[in-house]
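[1] the sequence isn't on hand, but the structure is:
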């Protein structure tokens, strides 16, 4: 009777693992909607439709709160990507509206999600800066770049936590290049604008 205790133990473990597996599949399937909503939010903001951007971000937040009840223990890691996308969208909206970027506590997200979301937002800010330069809004482009650069400077030390916050170092390395590219573009645009003003003044 050496295996008398094995069967009930395995039955109990199998039931527990089955519940975890079901919860994992549920989270993977349903959090995709959050990612889609955040993508739509970001696209809307870039198009200048802040209202739609905020509406989609709010829907994503509602779903996140709902699914957190399923994400207990190790399952919490399956919320990192959707939370990250949510932070990215909310951060972009805050910058466009000239408001303070909310804290991780305010957003109700995990620390890792917050850091990764802010890192991703730097790429969206680069895109926005170039859009502003393209339509001649150099002052607004400069304002957004200053936020972008300061955000990077606050985040670059997190590369040392790469083993804990996965992808942090790679994202920081990429963001350093983005910041340098945007700085060069703004400097060049300012020189061009100043030259045009000088030439126009000479014609008078």
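    Received the coordinates, thanks. These figures come from a predicted structure and were not determined experimentally.
[2] what about stretch 188-204, distance to the chain center?
    Centroid separation for stretch 188-204 versus its chain: 38 Å, with Cα atoms, centre = their mean, to the nearest Å.
[3] same check on stretch 42-55?
    For stretch 42-55, the separation from the chain centroid amounts to 15 Å (computed by Cα atoms, centre = their mean).
[4] what about it, how long is it end to end?
    One end of stretch 42-55 to the other measures 11 Å (Cα to Cα, to the nearest Å).
[5] contacts for that stretch, please.
    Here stretch 42-55 makes contact (Cβ atoms under 8 Å, 6 or more residues apart in numbering) with 40-41, 56, 88-89, 92-93, 96-97, 124, 127-128, 131. (C-beta placed from N, C-alpha, C; glycine too.)
[6] rerun that using 6 Å as the cut-off
    For stretch 42-55, contacts defined as Cβ atoms under 6 Å, 6 or more residues apart in numbering pick out 41, 89, 92-93, 96.
[7] if we go by neighbour counts, what in it is buried?
    Within stretch 42-55, the residues that count as buried by 16 or more other Cβ atoms under 10 Å are 42, 44-45, 53-54.
[8] of all the residues you listed, which comes closest to residue 74?
    residue 42 (29.2 Å; Cβ to Cβ).
[9] next SSE after the helix or strand that closest one falls within?
    Element membership for residue 42 (DSSP states H and E) is helix 6-46. Next along the chain after helix 6-46, taking DSSP H and E as the criterion, comes helix 50-67.
[10] for the chain, which helix or strand comes out least confident on mean pLDDT?
    Within the chain, no helix or strand scores below helix 6-46, which has a mean of 85 by mean pLDDT, DSSP states H and E.
[11] can you check what angle separates that one from helix 50-67?
    Going by axes from the mean of the first three to the mean of the last three Cα atoms, to 10 degrees, helix 6-46 is angled at 170 degrees with respect to helix 50-67.
[12] which among the buried residues of stretch 42-55 gets closest to residue 171?
    For the buried residues of stretch 42-55, the minimum distance to residue 171 (Cβ to Cβ) is 16.4 Å, reached by residue 42.
[13] could you chop this structure up by domain?
    Using automatic domain parsing, the domain ranges for the chain come out as 12-109, 114-204.
[14] out of the ones you listed, nearest to residue 3?
    domain 12-109 (14.5 Å).
[15] pLDDT weak spots in the protein?
    Along the chain, segments meeting pLDDT under 70 span 1, 71-73, 204.
[16] so which residues make contact with stretch 100-119?
    Counting contacts by Cβ under 6 Å, 6+ apart, the residues outside stretch 100-119 that touch it are 80, 83-84, 87-88, 91, 94, 155, 158, 165, 171.
[17] would you check how far apart residue 146 and residue 2 are?
    Going from residue 146 to residue 2 by Cβ to Cβ, to the nearest Å gives 71 Å.
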